[in-house]
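Engineer: Here is a sequence together with a model predicted from it:
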Amino acid sequence: MTAGAVAGILEHTVMYPVDSVKTRMQSLQPDPKAQYRSVFEALRKIVQTEGFCAGST
């Protein structure tokens, strides 16, 4: 039971930021200024402009 809880926590911790970036990249796709080269670049820009906890609220 503990292993399942830890696995669930880790899955949400890792996948939530990636899913947030995916959603932003899809919704901003027609805008040429909003294009990111990679997921890591998008994460870096989001953290720089909005802060580390931007998507958690």
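Structural biologist: Ah, there it is.

Engineer: can you list the weak-confidence ranges in the chain?
Structural biologist: Scanning the chain for pLDDT under 70 picks out the ranges 31-35, 54-57.

Engineer: Now name the helix or strand holding the most centrally placed residue in it.
Structural biologist: Centroid-nearest residue in the chain: Pro17, 2.5 Å away (criterion: CA atoms, centre = their mean). With elements taken from DSSP states H and E, the one containing Pro17 is helix 2-27.

Engineer: Next, the buried residues of that helix.
Structural biologist: Applying a neighbour-count criterion of 16 or more other CB atoms under 10 Å, one finds Pro17, Ser20, Val21, Arg24 buried in helix 2-27. C-beta coordinates here come from the backbone N, C-alpha and C atoms, glycine included.

Engineer: I'd like to know which elements the helix or strand just after that helix is packed against.
Structural biologist: In the C-terminal direction, the helix or strand that comes right after helix 2-27 (DSSP H and E) is helix 39-50. When contacts are defined as 3 or more CB pairs under 8 Å, 6 or more residues apart in numbering; DSSP states H and E, helix 39-50 sits against helix 2-27.

Engineer: what's the offset of the helix it packs on from the middle of its chain?
Structural biologist: Relative to its parent chain, helix 2-27 has a centroid offset of 8 Å by CA atoms, centre = their mean, to the nearest Å.
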